[in-house]
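> Show me the folded form of this:
(2 chains)
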Amino acid sequence: MDARLAMSAAAAPEGGPTEPLLDVDDIQGNAIPGFMKPYQYVMALRIEDAVAAKRWLASNAGLFTTIAGLLPSRLAVRAERLARRVSAGATEAAAALDDAWLNIAFSYAGLAKLLAGTAHESDLAAFTDEAFVAGLVARSRLLGDPVDPAAEGNPANWVVGGPGNEPDILLVFGTDNPTTQESFVATRRASATGGGMTVLYEEAGQKLNPLGQEHFGFKDGVSQPGPRGRVAADPDTYLTPRSIDPSATPAAWFYGLPGQYLVWPGEFVFGLPAAAADPLLPGPAEVPGPGWSANGSYLVFRRLRQDVAGFRAFVAEQAAAVAKQPGFSQVTPDLLAAWIVGRWPSGAPVSRTPSGDVPGLGADPLANNHFGYAAASVRLPLTGGDQDAYPLAPSDPVGLTCPLPAHIRKVNTRDAGNDQGGRRASFNRRVLRVGLPFGPPLPDNEPDPVNGNRGLLFLCYQRSIVEQFEFLNTTWMGDPTNPRAPSGYDLLVGQNGQPGDQRVRSATLLNGEGGTATVTASVEYVIPTGGGYFFSPSISAITTVLAAS
Amino acid sequence: MAISQYDSPGYLPDFAGIPGQAAAWSAAVSAWFDGNIELAQQKLKAGERAQFYNQLTTTPSGPVFDQAFVWNGLPGTYRNRYGRLATFPLADQMLPLTQRMDGPGSYYVGPQWESLYYRPNDEYCEWHVDRNADGKIQRVTFTSEPPEYWQALHGDTLQDADGNWSLTFPGDPGLLLDLYHEMVSPDVQLADLICQEDLVDLSTGTPQVIYPRGAYNPYNRWNTTDGIVHLTHPANSLSAEINLGAMATVLRVATDGTPITDPDALICAAQYGGVNRSSDPTIGSCVNELAALGFAVTLRNPVGLSMNHIDLAGFTTPHGEPVPPEYFRVIRGDATLGLIERAVFEVPPEEGYVVGDIAIGGVPISYGGQIAEHITVNFVGMAAAPGSFSNTPVPPQASCCQSVQEGGWLRYAPAGEPCYPGFEPAFAYAGPVPVQLLTAAPTPTRQGRHKTRVV
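Numbering: from 1, shown residues only, chains lettered A, B, ... in the order given. Below is the predicted model of the structure:
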């Protein structure tokens, strides 16, 4: 075992679940635990010559970064950030790195091109996820995307992934600096175009600032589920580090970082134990595809353009209107924006600091995700004697502290029951998000150099596109009542595709006296402008099936 | 604010023309509340008051919050056990009452029940599929109407929460028949709707008449195999929901004193409903969270189960157009209030195609459950006067076991025994004493609230 892996080991909470050994040399590393690099690049390819593409795959399979390939760097950065109580930013360990990582994923059509005429051609029928099979264009309306062909968000106008513009392959690059990225991408681009493929689209993404805020100004990616699993035979070597003192059971069995639920890895990677009713008991290990799809994962890509000025104007207008309602006079644009997100710009959760931002709380990985809604939070003993001294979150089932329609409540109900029954969705509807913003920040008081072309390269991994990514978008973010009512739409990124509703989204706010106020969004400030559904196979599947002649 | 009467579910209008019927319904609902308040009271420490209240007789002081408890229409019992895709065909197939949908066992025992059917749609939203000669779906009819409403319409006598046959209704069998004609078929005869003999359950040593001769038969063919009027799943009853609301106000602690707040562990400990459903664990935990904050809790008038809305985003006609919202026609109830009691999903005949030609996200509709997956069901609770209660939590009365092979499938543990073969204790970390050793109440085999008799 690598020495640095050993350093990552946390003492195993006695009596906790036994977690599976992950095939760290076979699973692509962006699926779990994710590249999480400050620079990202996506490149969409079309296979023009399947034979040449197979040859390219065969000769390049060693370039696709596995868990084992990225773990030493990830662990070093993670350990340093934890020690410094910061969840993002260029620490010394990060500054010393110069990694260049690459992962690959295929659309259903892309797999069909590669497997046509081979013994594996019929294997495609084993993929049971109807969204993956149909592709993103066919599912776009279900997600609430505009039906109007003239609308920017309609697939007809997407910069990639629309009809006739659907990629067969998506390459995802992760690097530590832009110079390395440039040369790394250029080399791979030349290689791919010489290997029977053409480039349909490519775009760079990067962290906008050390804090990891997205274009609307909020720290992103704070709440990620922690995949269970071990990376070495040593029983204590977990992929997701543990921070709760092992004596504090059952909390130590549930969480990686405080508030970060540990999720069975089969929710993200085929063929590993998935979530069951009891979060501490492993569910079946299923492969919802052909046998060779084990150790693979579905990858969703959505290019989301963000109209920053439009969002700010919406917040200002609605805050002024809400403040006029009885019992809501305290509402300012900053507060309303925090209610819409559920966090302040620093990442500090509204649940723990209802009145204003606390940057130290937002930055602290041992505190910024430690809260729930069903019951008041309790202080957890942390490993190494660390302390979380910030005020704890109260019980808030009604949404009097953090409103029910807040984005973070719409996509993750944490300890609270929801429309899917009990707490199971907190473990079996999660996705692992690995995207980064594209385009420069909107400058203040200066002309916009990119004319509004900025947003998020949304990327997420999961076991089922239908039951995870699409579920979150349709059943929760894009629904007026779910997962808890009275809520309303997710006013950050939810869409209303209900025929007849004219895409208007509204949400309900409550005050402590039982009074209500409604926030209504008639304009769209997050617009889908591209994407696709992909399958990210294991390295062995690439070499033995997809690249095989 | 106190109310003057309990209205019919979704403000259904049928009782208005029957002298005394509306008042009888209100009295029945009130009695169910009072009885269940008493049942909740019995769980509490002496001297403590139940947090569940009857809006007809009690007006808590302090702010009041409406809380709609929402859940998905696709049966979680199937989805959690078999997966989403396998659920679609299963949920369209009726089962005899001798076959439970949530595991081994029978709701009723005896040869009579083998030919009486229920819909395995246990989320208080059931549907009936009509297909054309080509086998394509022509129409899907959804209902959330409780059976008690129809028993009352017939003029049956229902049990109160203590099992006493005390809730009488004037009824109007003629109106009952008219409504069946309107909602199902002109061929319905009144005799089709009533029990021609006592329906007797033989599950215990003493035969028990569940539906006496002459009473309304909720499992009549026009409400099961040949049509749909109201809910049929043995757990889908209004009085059961009131019971769930009341029992969920009781706070629970593990044997080490730790509060049980995980919704799934909570229902396993309190045994107030179906553990694998989308509805019961969520309803129970939502109520319990409010109770833990010291709220007084009740169900808002009109007390009933209803569909809140359907999300038609992604439903596409064969011409590639969005499905007009009018295709989901609300027949009974009030859509503007989220109190839909009956709705039909159907294409107008002049369009020249049928429901089976419509696709959702590119997938043609082949089963009613594909539509139900887009329906949100609800009932509305009320929480009043936070901080006005601080009742003592009580220990678990039951526990659950999880299937090793089908990890989403829970069963209540058999009383005082280890888990069934192939199952392992679930949520056993809730306290230091292995939960399977707790004294568990027997798994309910039927819903007593369905019993009726004629006088």
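
> Please make it C-alpha for all contacts and neighbour counts, starting now.
OK.

> For stretch B:8-20, buried residues please.
B:8-12, B:14-15 (16 or more other CA atoms under 10 Å in any protein chain shown).

> Quick check: the farthest pair among those residues?
The most widely separated members of these, counting by CA to CA, are B:10 and B:15 (12.2 Å).

> contacting residues around the helix or strand harbouring residue A:335?
Using DSSP states H and E, the element containing residue A:335 is helix A:333-341. Helix A:333-341 is contacted by residues A:315-316, A:318-320, A:344-345, A:350, A:355-356, A:402-403, A:405-408, A:490-492 when judged by CA atoms under 8 Å, 6 or more residues apart in numbering or on different chains.

> at 6 Å instead, please
With CA atoms under 6 Å, 6 or more residues apart in numbering or on different chains as the test, helix A:333-341 has contacts from A:315-316, A:319, A:344, A:406-407.

> Reformat these as a markdown table; add pLDDT.
Output for these, formatted as a markdown table (pLDDT from 0 to 100):
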| residue | pLDDT |
| --- | --- |
| A:315 | 98 |
| A:316 | 98 |
| A:319 | 98 |
| A:344 | 98 |
| A:406 | 98 |
| A:407 | 98 |
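
> ok, so of the residues you listed, who is nearest chain B?
Taking CA to the nearest CA as the measure, chain B sits nearest to residue A:406 out of the contacts of helix A:333-341, at 16.7 Å.

> And the closest one, its phi and psi?
Here is the backbone geometry of residue A:406 (degrees, to the nearest 10): phi -50, psi 140.

> of all the contacts of helix A:333-341, which two lie farthest apart?
The widest separation within the contacts of helix A:333-341 (CA to CA) is 18.1 Å, between A:316 and A:407.

> picking that back up, would you list the buried entries among the contacts of helix A:333-341?
Burial by neighbour count, 16+ other CA under 10 Å: within the contacts of helix A:333-341 this picks out A:315-316, A:319, A:344, A:406-407.

> Filter those down to the ones in helices?
Per DSSP state H, helices hold the following members of the buried ones among the contacts of helix A:333-341: A:315-316, A:319, A:407.

> Would you convert those residues into TSV that also reports distance to chain B?
Converted to TSV, those look like this (distance: CA to the nearest CA, whole Å):
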residue	distance to chain B
A:315	26
A:316	27
A:319	23
A:407	18
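
> for the record, mean pLDDT for the longest helix anywhere in chain A?
Criterion DSSP H: the longest helix present in chain A is helix A:67-84. Across helix A:67-84, pLDDT averages out at 87.

> In it, which of the residues would be classed as buried?
For helix A:67-84, a neighbour-count test (16+ other CA under 10 Å) marks A:67-78, A:80-82 as buried.

> ditto for stretch B:219-232
Neighbour counts over stretch B:219-232 (16+ other CA under 10 Å) mark B:219-225, B:227-232 as buried.

> what's the answer for stretch A:17-37, then?
Residues A:19-37 are the ones in stretch A:17-37 that count as buried (16+ other CA under 10 Å).

> Out of these, which sit inside helices?
Going by DSSP H, the helices hold none of the buried residues of stretch A:17-37.

> ok, and of those, which contact chain B?
Among the buried residues of stretch A:17-37, no residue lies close to chain B (CA under 6 Å from any CA of the partner chain).

> From those residues, which land in strands?
Residues of these located in strands (DSSP state E): none.

> contacting residues for the closest residue to residue A:269 other than its chain neighbours?
Among residues not flanking residue A:269 along the chain, residue A:297 sits closest, at 4.9 Å (CA to CA, 6 or more residues apart in numbering or on different chains). Each residue near residue A:297 by CA under 6 Å, 6+ apart is listed here: A:269, A:463, A:535-536.

> Repeat the analysis, applying 10 Å as the threshold.
Taking CA atoms under 10 Å, 6 or more residues apart in numbering or on different chains as the contact definition, residue A:297 lies against A:27-28, A:30-32, A:105, A:266-271, A:460-465, A:534-538.

> how near is the residue lying farthest from the centre of chain B to residue A:299?
Here chain B reaches farthest from its C-alpha mean at residue B:319, the gap being 37.4 Å by CA atoms, centre = their mean. Distance, residue B:319 to residue A:299, using CA to CA, to the nearest Å: 30 Å.

> hmm, back to that, what confidence value was assigned to the residue nearest to residue A:269?
We have a pLDDT of 98 for residue A:297.

> wait, doesn't residue B:62 sit right on residue A:513?
Yes. Counting by CA atoms under 10 Å, residue A:513 is a contact partner of residue B:62 at 8.0 Å.

> Give me the common contacts of those two.
In contact with both residue B:62 and residue A:513: residue B:385, using CA under 10 Å, 6+ apart.

> okay, now residue 415: neighbour count?
Defaulting to chain A. Residues within reach of residue A:415, counting by other CA atoms under 10 Å in any protein chain shown, total 21.

> was after chain B, sorry
Neighbours of residue B:415 under the rule other CA under 10 Å: 18.

> roughly how far apart are residue A:234 and residue A:45?
Distance from residue A:234 to residue A:45, by CA to CA: 40 Å.

> Pick out the residue nearest the middle of chain A.
With distances taken as CA atoms, centre = their mean, chain A has residue A:433 as the residue nearest its mean C-alpha position (1.5 Å).

> For that residue, grab phi and psi.
Dihedral angles (degrees, to the nearest 10) for residue A:433: phi -90, psi 130.

> what bridges to it?
Beta-bridge pairing for residue A:433 (DSSP bridges): residue A:460.

> For it, which residues are in contact?
A:30-31, A:33-34, A:36, A:220-221, A:223-225, A:299-300, A:458-462.

> Give me the phi and psi angles of the residue nearest to residue A:516 when sequence neighbours are not counted.
Among residues not flanking residue A:516 along the chain, residue A:510 sits closest, at 4.6 Å (CA to CA, 6+ apart). As for residue A:510, its main-chain torsions (degrees, to the nearest 10) stand at phi -120, psi 150.

> ok, now which ones touch residue A:510?
The contact partners of residue A:510, by CA under 10 Å, 6+ apart, come to A:327-328, A:398-404, A:486-487, A:516-518, B:65.

> and the residues you listed, which of them are in strands?
The strands, defined by DSSP E, take in A:516-518, B:65 from those.

> Give me the buried subset of those residues.
A:516-517, B:65.

> pLDDT and distance to residue B:175 for the residues you listed - can I get that in JSON lines?
Listed next are these as JSON lines, based on pLDDT from 0 to 100; distance: CA to CA, whole Å:
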{"residue": "A:516", "pLDDT": "95", "distance to residue B:175": "41"}
{"residue": "A:517", "pLDDT": "97", "distance to residue B:175": "43"}
{"residue": "B:65", "pLDDT": "91", "distance to residue B:175": "37"}
